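> fold the stuff below for me.
(2 chains)
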Protein chains: 2
Amino acid sequence: MTAETATSGRRRGRRRLAQETDKSGADAAFYHAVRNTLPRAEVLSADELESLHRTSLRVLEELGIRVLNDEARELLAKAGCELRDDMMVHFPSDLVTELVAKAPRSMVWHGGEGLAIEIGPDTLHFGPGAGCPNVTDVERGRRAGSLKEYVDFTQLQQHFDIIPFLGPSIEPQDIPVHERHLITAKVQVENSVKVPWVFARGTGQVLDSFEIIRIARGLSEDEFKQKIWCYTVINTNSPRQIDIPMAQGIIDFARWGQPTVITPFCLSGAMAPITEAGSLTLSHAEAMAGIALAQATNPGAPVLYGAFSSNVNMKSGAPVFGTPEHIRTNLGAGQLARHIGIPWRSATGTAGNAPDVQSAAETQLGLWGAVLAGANVIFHSAGWLEGGLTISYEKFIMDLEVCQTIAQVMKPVEATPEALGFDAIAEVQPGGHFFDARQTMARYSNQFYEPLIRDWSNFGQWEEAGGVQTVEQAQAMWKKTLAEFTPPQLPPDRSEALAAFVERRIREGGAPPID
Amino acid sequence: MTAETATSGRRRGRRRLAQETDKSGADAAFYHAVRNTLPRAEVLSADELESLHRTSLRVLEELGIRVLNDEARELLAKAGCELRDDMMVHFPSDLVTELVAKAPRSMVWHGGEGLAIEIGPDTLHFGPGAGCPNVTDVERGRRAGSLKEYVDFTQLQQHFDIIPFLGPSIEPQDIPVHERHLITAKVQVENSVKVPWVFARGTGQVLDSFEIIRIARGLSEDEFKQKIWCYTVINTNSPRQIDIPMAQGIIDFARWGQPTVITPFCLSGAMAPITEAGSLTLSHAEAMAGIALAQATNPGAPVLYGAFSSNVNMKSGAPVFGTPEHIRTNLGAGQLARHIGIPWRSATGTAGNAPDVQSAAETQLGLWGAVLAGANVIFHSAGWLEGGLTISYEKFIMDLEVCQTIAQVMKPVEATPEALGFDAIAEVQPGGHFFDARQTMARYSNQFYEPLIRDWSNFGQWEEAGGVQTVEQAQAMWKKTLAEFTPPQLPPDRSEALAAFVERRIREGGAPPID
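Predicted structure coming up:
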């Protein structure tokens, strides 16, 4: 035993300084406004960055993007793009530069009850795991996602302040697709004041969703259009293709002044070149194409630059995350986003199948990569398993602990004369302790981060209490959170209008997704 | 399901591109020479850093350090320190500055078979979990450490290239303390070519250990003294005290030209002020006092600046790790180490009791903190549980995966015209894939990091194979590694001399540790 491990004796029999508290992740004032104070890591020199950017512009101009949506091609042609056979659109480099420059450098997303989330150059926000067809928890196992679980995850996202906006954690497959957008939008605004997600699956669905949010927030159509009240993610069909609903989503959101997060999902070796630089070249080109479409539709429309490049397992072709390649590519993506000056979204993830050490470790590795890359929004920060095919209740909680810790790292270190501690050091004799030093007594109750679920009991206590593993701590927390959940109250008139609208639209047949 | 999760269909039925390989963490040329290419994160402004440094000097001059070792006090008095009652030593600021400046800025540690590890401004090395009285694995549970497990961990440390030097992972409690240094030194040089650790528990033990290493490496006494062949860690008895064996260790190692890693273990709120800055002030003062003693003994003696500051759980007084406070304090420690220009050692850790998500997550959080702090050596990177009271076989492997991933992040991103991928992108049609693109075929076999134990099978395959958790993957790997372990061969004459020396010293009664 070295002295580094010999401190257990000291702590025996000491009186408790602090009472048991459960802050449960609540600190909206801090978590909703985290600034990333860490330095940005870079993997490309200034020359290399410029070369890569130029190569992306060359891809857009010489090779082009296939745009499957007629209106999108028309808008781009009108802006100055060249249309060729087979729905190919070629983007002159100068035009891309000009259009991209119209996108705003920062924006504010609005929720209910005055919630306002700034997204700009140094902001750091953690988005939940999203897009999962399946759901799992340690008690009931893995199954197809349903409305019940969609509601659960909306409530969990509402509860924890580290999550500032909602994500479609689960695809509720028991709701028919033509009604799903209505029900999910309603669930979001009834259970949360956070900024909702809208599916971009055709104009019908999008406008229904906007209407629901407008009713819930008590806004006129004009008020809705003047600020940001929701968002969607646009995934290009890498390589070099934008499909009909995605292009339509860019157009619809741009027209209504709502933000699209334009995110090529470029997996090195699969839908993108196997090299990190090549994957970035393609991703950057596609992102700029989407941004150009938004700006061609409505100059100044809010967009986020999205980059979600990782690699595949070359043995199976399946995507993997939290790899060195994932992290390095992310660092390059951050440089590209800053190069064009647009706030950007990255993502973490895992290919793991269980809420175990691998999936937690991969997710944390990817998170740090995104943080060091200066991502302004990090999606899939909590809950993902199996490359997003499943979301886990327990992993959602376990990952939040890591997100909260990283956010807390951004707090400044106090360096006042009092904090530098000369007087405190003078007060304690050599070999003594600071447990009851004046400085300690003045500060102990809130000096340190209060964890969500970390078990800091010693081995004896831990074993006596049943040897609880992290996943069980997480299980207890999500159950407690849901059991105690109180939804925010909508004014009765809005609540009624909302119910009436959704009922009517379902009676009318809802809106089918477009292909 | 969004497009970000919709790729599973694509991978079905694809032919395998790569054969199953088990690289088992082997890449000495890379892992032994990792340079930290990430930027250093800072939490103190230049003025604050200087204030903190000055406050530490004031602590040394005005408050002093209690030095329990007579010879150490004499050496310090001779160098210019003032001795006062109660074994207190007061260090004039100018003297500290002058002595600290004598320490080398970088050094090379030597092992067997030509192994040479540089430790300098940008190097990044991962040391194993060390100092644990207990050991655990998922099959046999937690028990007191014994020689058998000491041997196991020495072999595991030898096998994985990410570990460049050995650490005393386990205290073999079945070996009497007066023989333990002999047996552990012998086990290290018989099972590993990596740089061994020596216990600093009195001159008798230290010189015995040096002799064993000298015999095993085939060195004259002079050759031994001229290079670095082993190391030890010196923990001050914070606050403001250096005990007899620790001071003796600094003196003995300095005389023989071997490095001490001088590490105050300053826990905010317990053995150090509750503020991060205060904890750093104390830690920095104590580290400089130890470094001053080494330089007063032998100017130019190799030392590492050590900082292992975390906080305690204010509810129990027990140390915790991977907290925001641990990370921020580490960032400050890195600034202080660079301020005085000495290579430095940090550490990660966990207070978790099981090889579960919490302990893995805390360890990774601490690791990133140390990496961003620019630590040149990170101790306790693999295996620790319970704040170092136990080492886990499985966690050792799981943590190594994270260390390897972080090391691999430091590899450069290629940005040649070929890597930028214009030609590869031109080759693949919109909506196609790159699986058999020319660039992919030329690179796939070694483009990506090959993990140790990450299971990247899909859910169906994973479930069919028994739903193996990470900890079981890790178990399989340590068992396989030990089963297949072949120790390096010592020349027969050295082997015999080694056995004879140890036998004789045991016959003579070994060497008791000093208090």
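> can we go C-alpha only for contacts and neighbour counts from here?
Fine.
> starting at the chain centroid, how far to the helix ranked longest in chain A?
Longest helix in chain A, counting residues (DSSP state H): helix A:276-297. Centre-to-centre, helix A:276-297 and its host chain are 20 Å apart (CA atoms, centre = their mean, to the nearest Å).
> then the next helix or strand after that helix to CSV, C-alphas only?
Moving toward the C-terminus from helix A:276-297, the next helix or strand (DSSP states H and E) is strand A:303-306. Provided in CSV are the C-alpha atoms of strand A:303-306 (Å, rounded to 0.1, in the frame of the first residue of the first chain):
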residue,chain,number,x,y,z
VAL,A,303,-29.2,26.2,-39.9
LEU,A,304,-26.7,24.1,-37.9
TYR,A,305,-23.7,22.6,-39.7
GLY,A,306,-23.9,18.9,-38.9
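> close to chain B, is strand A:303-306?
No: Strand A:303-306 stays clear of chain B (CA under 8 Å from any CA of the partner chain), getting no nearer than 11.7 Å.
> pretty sure A:Tyr231 contacts A:Trp256?
No: A:Tyr231 sits out of contact with A:Trp256 when judged by CA atoms under 8 Å, with a separation of 11.0 Å.
> the more surrounded of the two?
Neighbour tally, A:Tyr231 and A:Trp256, criterion other CA atoms under 10 Å in any protein chain shown: the higher count belongs to A:Tyr231, 25 against 20.
> how close does the residue of the stretch 201-350 of chain A found nearest chain B get to A:Thr55?
In the stretch 201-350 of chain A, the residue found nearest to chain B is A:Gly278; the distance is 4.3 Å by CA to the nearest CA. To A:Thr55, A:Gly278 is 9 Å away according to CA to CA, to the nearest Å.
> higher neighbour count, these two?
A:Gly278 (32 against 21).
> what segments of the stretch 251-400 of chain A are helices?
A:276-297, A:324-340, A:357-372, A:393-409 (DSSP state H, counting those that start in this stretch).
> mind checking which of those helices is nearest B:Ala296?
Minimum separation from B:Ala296 across the helices of the stretch 251-400 of chain A (CA to CA) falls at helix A:393-409, 38.1 Å.
> quick one: that closest one to helix B:357-372, angle?
Computed by axes from the mean of the first three to the mean of the last three CA atoms, to 10 degrees, the angle separating helix A:393-409 from helix B:357-372 equals 30 degrees.
> flag every buried residue along helix A:393-409.
By neighbour count with 16 or more other CA atoms under 10 Å in any protein chain shown, helix A:393-409 contains the buried residues A:393-409.
> so what's in contact with A:Gly278 and A:Thr55 at the same time?
Shared contacts of A:Gly278 and A:Thr55 (CA atoms under 8 Å, 6 or more residues apart in numbering or on different chains): B:Leu420, B:Phe422.
> which residues are contacting stretch A:399-413?
By CA under 8 Å, 6+ apart, the residues outside stretch A:399-413 that reach it are A:25, A:31, A:34-38, A:124, A:126, A:162, A:360, A:363-364, A:381-383, A:449, A:451-453, B:43-44, B:276-277, B:323-325, B:327-328, B:361, B:365.
> do stretch A:302-309 as well
A:103-104, A:107, A:254, A:257-268, A:279-280, A:283-284, A:287-288, A:291, A:294, A:326, A:329-330, A:333, A:337, A:342-347.
> re earlier: of the contacts of stretch A:399-413, buried ones?
In these, burial by neighbour count holds for A:25, A:31, A:34-38, A:124, A:126, A:162, A:360, A:363-364, A:381-383, A:451-453, B:43-44, B:276-277, B:323-325, B:327-328, B:361, B:365, counting by 16+ other CA under 10 Å.
> so is stretch A:142-158 next to chain B?
No: using CA under 8 Å from any CA, stretch A:142-158 stays clear of chain B, with a minimum separation of 10.0 Å.
> how about that stretch: buried residues?
In stretch A:142-158, counting by 16+ other CA under 10 Å, buried: A:142, A:144-147, A:149-158.
> and what of stretch A:483-491?
A:Leu490.
> name the element A:Glu48 belongs to?
Per DSSP H and E, A:Glu48 falls inside helix A:46-58.
> which strands and helices lie in contact with that helix?
helix A:93-100, helix A:276-297, helix A:324-340 (3 or more CA pairs under 8 Å, 6 or more residues apart in numbering or on different chains; DSSP states H and E).
> report the distance from whichever helix or strand comes after that helix to the chain centre.
Once helix A:46-58 ends, the next helix or strand along the chain (criterion: DSSP H and E) is strand A:65-67. Between the centre of strand A:65-67 and the centre of its host chain there is 27 Å, according to CA atoms, centre = their mean.
> looking at strand A:65-67 now, give me its mean pLDDT.
Per-residue pLDDT values over strand A:65-67 give a mean of 98.
> tell me the gap between stretch A:419-437 and the middle of its chain.
The chain centroid and the centroid of stretch A:419-437 are separated by 43 Å under CA atoms, centre = their mean.
> repeat for stretch A:181-188
Here stretch A:181-188 shows a centroid-to-chain-centroid distance of 19 Å under the convention CA atoms, centre = their mean.
> cool, stretch A:103-115 as well?
With CA atoms, centre = their mean as the basis, stretch A:103-115 stands 15 Å off its chain's centre.
> show residues contacting it.
The contact list for stretch A:103-115 (CA under 8 Å, 6+ apart) reads A:116-121, A:192-196, A:217, A:227-230, A:291, A:295, A:299-303, A:341-343.
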